[in-house]
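**Q** sequence first, then the predicted structure, then my questions.
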Amino acid sequence: MNKIRHWDGLGDLKERLEPVVQKDESVLDSKGRVYATGKRKTSVARVWVKPNGTGQVLINGKTKEEYFGRETLLHVLMSPFDRVNRAHEFDVMCTVAGGGGSGQAGAIRHGISKALQTYEPLLRAPLKKAGFLTRDDRRVERKKPGLRKARRRPLFSKR
């Protein structure tokens, strides 16, 4: 059995093993957008990302500042673009329903990340490393009978 002792002798094997990934123009719809669905808690976001844009974000027909008043939610929303340094290269149009503000911002972030990965597969690595492509499936635990909350028991009194 021959063992390869030096990687230098392999020549261009590394380049041949790494697939050449190019932008796939077939993922664009008739309006030149990429579609993805994002989910978080009970919120569902349908997201369309348009390349070669100005950085405009519309959520249910409103700008991101009108829809999300809190700065933290705006930061969550734009974090995929900040991670890949493409803040003003894409326009985003989305509809989101269900849940509250935090869940909706997380759902939109998930949808934007999936759409960016679909449009440009080379962006998958930084988005995946940041955890933006993983659907966070945590939900509020239900209240159980006999308890005050989901796990909070009533106070015990001996007398």
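**A** Nice, thanks for sending it over.

**Q** got phi/psi on residue 91?
**A** Taking degrees, to the nearest 10, you get phi -100, psi 140 for the backbone angles of residue 91.

**Q** so it sits against residue 34, correct?
**A** No. Between residue 91 and residue 34 there is no contact under CB atoms under 8 Å: 11.0 Å. (C-beta placed from N, C-alpha, C; glycine too.)

**Q** what is in contact with the two at once?
**A** Common contacts of residue 91 and residue 34 (CB atoms under 8 Å, 6 or more residues apart in numbering): 49-50.

**Q** can you point out the buried residues in the helix or strand hosting residue 94?
**A** Secondary structure from DSSP states H and E places residue 94 in strand 90-97. Across strand 90-97, burial judged by 16 or more other CB atoms under 10 Å covers 90-94, 96.

**Q** closest one to residue 27 out of those, please.
**A** Nearest to residue 27 among the buried residues of strand 90-97: residue 90, at 13.6 Å, using CB to CB.

**Q** the closest one bridge partners, please.
**A** Going by DSSP bridges, residue 90 is paired in beta bridges with residue 51.

**Q** thought it was touching residue 78?
**A** No. With contact defined as CB under 8 Å, residue 90 does not reach residue 78; the gap is 10.7 Å.

**Q** any idea which helix or strand comes after the strand holding residue 94?
**A** The C-terminal neighbour of strand 90-97 among helices and strands, as given by DSSP H and E, is helix 101-119.

**Q** tell me what the following helix or strand past that following helix is packed against?
**A** Once helix 101-119 ends, the next helix or strand along the chain (criterion: DSSP H and E) is helix 124-130. In terms of contacts (3 or more CB pairs under 8 Å, 6 or more residues apart in numbering; DSSP states H and E), helix 124-130 is packed against helix 71-83, helix 101-119.
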